[in-house]
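> Quick one: sequence plus predicted model below, questions after.
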Amino acid sequence: MYILKTCASYFRKVVIATKSPMILRDISILKSCHDTLVFISLPSTFSEWCCVFEPFAPSVESRIDCIERLSNNGIDVAVFMAPIIPNENDSEKNIYETFLRVKAAGAKFVIIGLAASETPGIGMSPDNNWSINMYSRIISLSESCPECPDVDKYMGNKLGPVIAQSLYFPVEKRGVGIITDLVDGSGSDSEVRHKDG
């Protein structure tokens with residue numbers, strides 16, 4: 001809580017990634033931040049699958065409820081759908097169902113995390129192009145479904161300024177000048193500038 005209060009006091013943007021609905025206890029602090037984005041990690045909305053692959057994580061229902069309650073309190077929420085593992089949770093049914101449920105709960109967008117197909121182990125795909133093909137399938141599914149949330153396209157707009165700001169402070173501390181130009185979705189430049197050191 002102390003760290004979150006500090007972030008709320010000193011940073012324009014706060015991005016949090018979590019699986020835990022315990023973030024709900026800090027809603028009042030999150031609302032006091034200028035611009036907050038909370039990522040809820042959720043690889044599937046099929047509870048049986050999650051119980052096997054994430055046995056110690058909060059339940060699917062508690063995470064869906066967390067998305068809804070954060071959204072209802074005016075806090076931007078996104079879903080980090082990861083890992084998507086070959087032959088495990090990469091079915092169109094799983095992805096579509098997850099998209100629909102998180103969108104209905106209030107998620108603004110979804111970020112996809114694909115397991116590397118070259119990595120030996122559970123769910124290994126013999127197809128080295130699995131990641132590329134899977135990503136294309138997911139984007140196509142999202143674009144063809146009006147009820148689905150946006151996938152990945154707003155990631156840069158949200159996190160670009162955060163990354164620039166995090167670079168700004170250590171560089172400024174060392175007395176080195178920096179100019180960082182970022183392009184937001186509207187086509188205008190969003191800038192973090194420090195020239196003099």
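Yes, it's here.

> drop to CA atoms for contacts and neighbour counts, all remaining ones
Noted.

> got the domain boundaries for this protein?
2-153, 157-194 (automatic domain parsing).

> hey, where'd the helices end up in the protein?
In the chain, the segments counted as helices under DSSP state H are 2-10, 27-32, 47-53, 60-72, 92-105, 130-144, 155-173.

> Now render those helices as TSV, adding distance to A17 and mean neighbour count.
Shown next, in TSV, are the helices of the chain (distance: least, Cα to Cα, whole Å; neighbours: other Cα atoms under 10 Å):
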stretch	distance to A17	mean neighbour count
helix 2-10	13	13
helix 27-32	13	16
helix 47-53	18	13
helix 60-72	12	19
helix 92-105	16	18
helix 130-144	22	15
helix 155-173	12	15
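
> So for V79, which of the ones you listed sits nearest?
Of all the helices of the chain, it is helix 92-105 that lies closest to V79, at 7.4 Å by Cα to Cα.

> Now do the closest one and helix 130-144, the angle between them.
50 degrees (axes from the mean of the first three to the mean of the last three Cα atoms, to 10 degrees).

> And helix 92-105, what does it pack against?
Applying 3 or more Cα pairs under 8 Å, 6 or more residues apart in numbering; DSSP states H and E, one finds that helix 92-105 makes contact with helix 60-72.

> contacting residues around the helix it packs on?
The contact list for helix 60-72, computed with Cα atoms under 8 Å, 6 or more residues apart in numbering, reads 19-21, 24, 27, 40, 42, 44-47, 50, 76-77, 101-102, 105-107.

> how about 7 Å then?
With Cα atoms under 7 Å, 6 or more residues apart in numbering as the test, helix 60-72 has contacts from 21, 24, 45, 47, 77, 102, 105-107.

> circling back to that earlier point, format the domains of the chain as CSV; extra columns: mean pLDDT.
As requested, the domains of the chain are exported to CSV (pLDDT from 0 to 100):
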stretch, mean pLDDT
domain 2-153, 84
domain 157-194, 46
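
> picking that back up, looking at the contacts of helix 60-72, which is nearest V15?
For those, the nearest to V15 is V77 (9.8 Å; Cα to Cα).

> Quick check: bridge partners of that closest one?
Note on V77: beta-bridge partners V38, judged by DSSP bridges.

> Against D26, how distant is L42?
Note on L42: its distance to D26, by Cα to Cα, to the nearest Å, is 20 Å.
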